[in-house]
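>>> Predicted model, plus sequence, below.
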Amino acid sequence: MSLPNARVPIERLVVVPRRQYGLWIGTALALLVLFLVVKALATNPAFGWSIAGGYLFHPSILRGLGQTLILTVTIMIASIVIGGIIAIMRLSPSRILNAFASAYIWFFRGAPALIQLIFWFNLSLVVREISITLPLLGTIFSVKTNDFMTPFVSAVIALSLHEAGYMAEIIRAGIKSVPSGQTEAAGSLGMSHRTILRRITMPQAMRFIVPPTGNETINLLKMTSLVTFIAVDDLLYAAQAIYARTFETIPLLIVVAFWYLSVVTVLSVAQHFIEKYYGRSDLHQTQAENGFFRRAFLWRREVAGT
Amino acid sequence: MTTKSENQTLFGVPADSMVFARQVRKSFGSTEVLKGIDLNVPTGSVACIIGPSGSGKSTFLRCINHLEEVNGGVLLVDGEFIGYDYRNGKLYAVKDSLLCKRRADIGMVFQSFNLFSHMTALENLIEAPMVVKGVSRKEACEAALALLERVGLAEKANAYPRQLSGGQQQRVAIARALAMKPKVLLFDEPTSALDPELVGEVLVVMRNLAQSGMTMVVVTHEIGFAREVGDQLIFMDQGVVAEQGDPREMIANPQSPRTRDFLSRVL
Ligand SMILES: Nc1ncnc2c1ncn2[C@@H]1O[C@H](COP(=O)(O)OP(=O)(O)OP(=O)(O)O)[C@@H](O)[C@H]1O
Ligand SMILES: [Mg+2]
């Protein structure tokens, strides 16, 4: 059967996308708001952009930034270690260990960070001396609480214990998300509990652990500004010390915000690459990602047939 | 600790036995799932277990390599207890490392494959030989490639499980079990999760294994496989062995009415 000839050149038909008036109005409004904000920021002298610029690399600001980073890294490492132990206790068949871990999470995650911070800083009000006494050997270690609990040490202890409560739950959820068949298969091959955890369960759990841990790290970075309350010389403390003298409050807060945002940007990029590493066995990942980017940039339809 | 030959005299194990069960009982809470299972699988033979859903087939298989602990009776593999040592009339639970060592001799193939999803086919095969037996990476890779060749998947060595079909995954899983050079292989419905056209390729691999003299205990619904490859057929029902014998005779002429009923439904 032969078809009648078409009267329209089918290979060169043009597709006209639907007009999206709502989208245009929304875009226009967003641009307007952006313009007004930038204008207000740039023209209002109270923000003192040039003053802020001058303080950006001020030695005591950089020292404060260093202190903030050291605190974040130390606390994050400690809370991952403590959280990991608590998570494993929580998953153990022993009722007692399980209850202990639950109680830990309930308390240290539940009590506000600032209160825990002030408590540890003032530990000497409760305990005058920290000592380890063994039967037969007697006291082998003793130190005045006040000498030991410097602001920095109390900050690390308080925030690590607090953060570990969150990390424990993240790690536990990650481990539980690995199907039990994986453990069984590993067991049937003669792997011990510890080998299974290290080689089989954890690498697979990481895919579920990394994203929320990234969030926690960013959260913690900002939470460390609480240590200003107990006079640890972090980034915010350094800025406060300067504006207390010069009254250039807003410019210095801008400096502080700038540095926090810079570090958060670096952390987000790092997180992206770690996630990609642990997702490498996921066949669909790259395809889905390409699809997403393609769709995001292909918002203007191509002309058919070209 | 008793030796293999002492165990054989003590528990009445035949000399050529690979898997031996006597009065094996297992309960989950108050429900008794295995109610005294007797079984002997001679070295180099293939035992096929059939039976209705919930009759305890998987549970029995998992007891053999001590993934489940039995509540009564004795279970010996190659004349040895897996999770215990027999001393002075008592069974002492062994320490974790010894249990692992003995388990490494018993391969298991699961219905849902359970390949390690974060590792390629090759990595799945070399993992246990390397971390459990301490084989060098180079040696493990050579052996693994030979095994993948044997199951017809040499060109898939670097594929992740997600990139393989069900039949291919199950063949890799069989190769992974073989990589530990086990004395016996346990199969729990290895083809039940597969599309009908993929069942054949897995059965071919299993048939070749049986011909090479591997001792196998196979829980299956493939009656054809049991008839052709099996040396004995065990019909389990409600936690007991309802009938056992030569597969061809049993399928052609089942003695117990329950066997007859079950076979009429699956054939
Ligand atoms: N871990 C467990 N806890 C409680 N009950 C269990 C457990 N594992 C199995 N059971 C019960 O034991 C019985 C036997 O289960 P099993 O898996 O051995 O049956 P099966 O013969 O393999 O069945 P199928 O053919 O469906 O695989 C079932 O009633 C099941 O509900
Ligand atoms: Mg089963």
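Perfect, thanks for sending it. Ligands and ions are numbered 1, 2, ... in the order given.
>>> for the chain, which spans come out with low pLDDT?
Went with chain A since none was named. Judged against pLDDT under 70, the low-scoring parts of chain A cover residues A:1, A:283-306.
>>> think we crossed wires, I meant chain B
For chain B, counting by pLDDT under 70, the residues that fall below are B:1.
>>> For the residue nearest the centre of it, list each beta-bridge partner.
Residue closest to the average C-alpha location in chain B (CA atoms, centre = their mean): residue B:186, at 0.8 Å. On DSSP bridges, the residues paired with residue B:186 through beta bridges are residue B:108, residue B:217.
>>> list the contacts for it?
B:61, B:64-65, B:106-109, B:216-218 (CB atoms under 8 Å, 6 or more residues apart in numbering or on different chains). All C-beta atoms are positioned from the backbone trio N, CA, C, and that covers glycine.
>>> Now tabulate the residues you listed in TSV and tack on neighbour count and distance to residue B:90.
Listed next are the contacts of residue B:186 as TSV, based on neighbours: other CB atoms under 10 Å in any protein chain shown; distance: CB to CB, whole Å:
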residue	neighbour count	distance to residue B:90
B:61	21	26
B:64	24	22
B:65	26	22
B:106	26	24
B:107	27	30
B:108	26	28
B:109	25	34
B:216	24	32
B:217	24	28
B:218	25	33
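>>> Relative to chain A, which of the residues you listed is nearest.
Here the nearest of the contacts of residue B:186 to chain A, counting by CB to the nearest CB, is residue B:108; it sits at 3.9 Å.
>>> which residues in the stretch 1-150 of chain A form strands?
A:129-134, A:138-144 (DSSP state E, counting those that start in this stretch).
>>> Select, out of those strands, the one closest to chain B.
When those are compared by CB to the nearest CB, strand A:129-134 sits nearest chain B, at 29.2 Å.
>>> Ramachandran angles for the residue in chain B that chain A sits nearest to?
Scanning chain B for the residue nearest chain A gives residue B:104, at 2.8 Å (criterion: CB to the nearest CB). For residue B:104, the backbone dihedrals are phi -60, psi -20 (criterion: degrees, to the nearest 10).
>>> Give me the distance between whichever residue of the stretch 201-306 of chain A sits closest to ligand 1 and chain B.
Scanning the stretch 201-306 of chain A for the residue nearest ligand 1 gives residue A:201, at 19.2 Å (criterion: CB to the nearest ligand atom). Residue A:201 sits 10 Å away from chain B, taking CB to the nearest CB, to the nearest Å as the criterion.
>>> any chance you could map the helices in chain B?
The residue ranges that make up the helices of chain B, judged by DSSP state H, are B:4-11, B:57-64, B:96-103, B:121-133, B:137-150, B:166-178, B:196-211, B:223-229, B:247-252, B:257-266.
>>> ok, the residue nearest to residue B:222 when sequence neighbours are not counted - how many residues close by?
Sequence neighbours aside, residue B:191 is the residue nearest to residue B:222 in space, at 6.2 Å (criterion: CB to CB, 6 or more residues apart in numbering or on different chains). Around residue B:191 sit 24 other residues, with neighbours defined as other CB atoms under 10 Å in any protein chain shown.
>>> wait, what's in contact with residue B:136?
Taking CB under 8 Å, 6+ apart as the test, what residue B:136 contacts is residue B:130.
>>> what do you get for residue A:232?
Taking CB under 8 Å, 6+ apart as the definition of contact, the neighbours of residue A:232 are A:67, A:71, A:151-152, A:155.
>>> Confirm it sits in a strand?
No. Counting by DSSP: H, G, I helix; E, B strand; the rest coil, residue A:232 falls outside a strand, being coil.
>>> Can you tell me how far it is from residue B:191?
If you measure residue A:232 against residue B:191 using CB to CB, to the nearest Å, the figure is 64 Å.
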